[in-house]
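Asks: The following comprises the amino acid sequence and a computationally predicted model.
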Amino acid sequence: MIPSVAVLIPWAGQCPHRTAALSHVRTWYQTNFPDWQICIGEAAPGDSWCKADAVRSALRQTGADIFGIAAAD
């Protein structure tokens, strides 16, 4: 059996440059690894930014066997 893979991307912000970078990163993964799941994690609304919380949010979106954490920008 081939293990499932997910990429966890912690994310926050409204900056148009960071949003464009996230779009580029998502497209790159979708093009190069179409079988991988891409999970975007954000901190809870109103909370201060915490990368660990954003990673935890992304992790809750997948049941993959293997996962990696990638920067969005």
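Replies: Thanks, I have the structure now. Owing to the predicted nature of the structure, the values given are computational and were not obtained by experimental measurement.

Asks: So which bits of stretch 59-73 are buried?
Replies: By neighbour count on 16 or more other CB atoms under 10 Å, the buried set for stretch 59-73 is 59, 62, 64, 67, 69, 72. Using the backbone N, CA and C atoms, a C-beta is placed for each residue, glycine as well.

Asks: which residue is nearest the middle of the chain?
Replies: The chain has Ile9 as the residue nearest its centroid, 2.1 Å off, counting by CA atoms, centre = their mean.

Asks: Can you tell me which of the buried residues of stretch 59-73 lies closest to Arg18?
Replies: Among the buried residues of stretch 59-73, Ala72 lies closest to Arg18 (CB to CB), at 6.9 Å.

Asks: you'd agree that closest one is in a helix?
Replies: No. Counting by DSSP: H, G, I helix; E, B strand; the rest coil, Ala72 is not part of a helix but coil.

Asks: What residues does it make contact with?
Replies: 9-11, 18, 21-22, 25, 40 (CB atoms under 8 Å, 6 or more residues apart in numbering).
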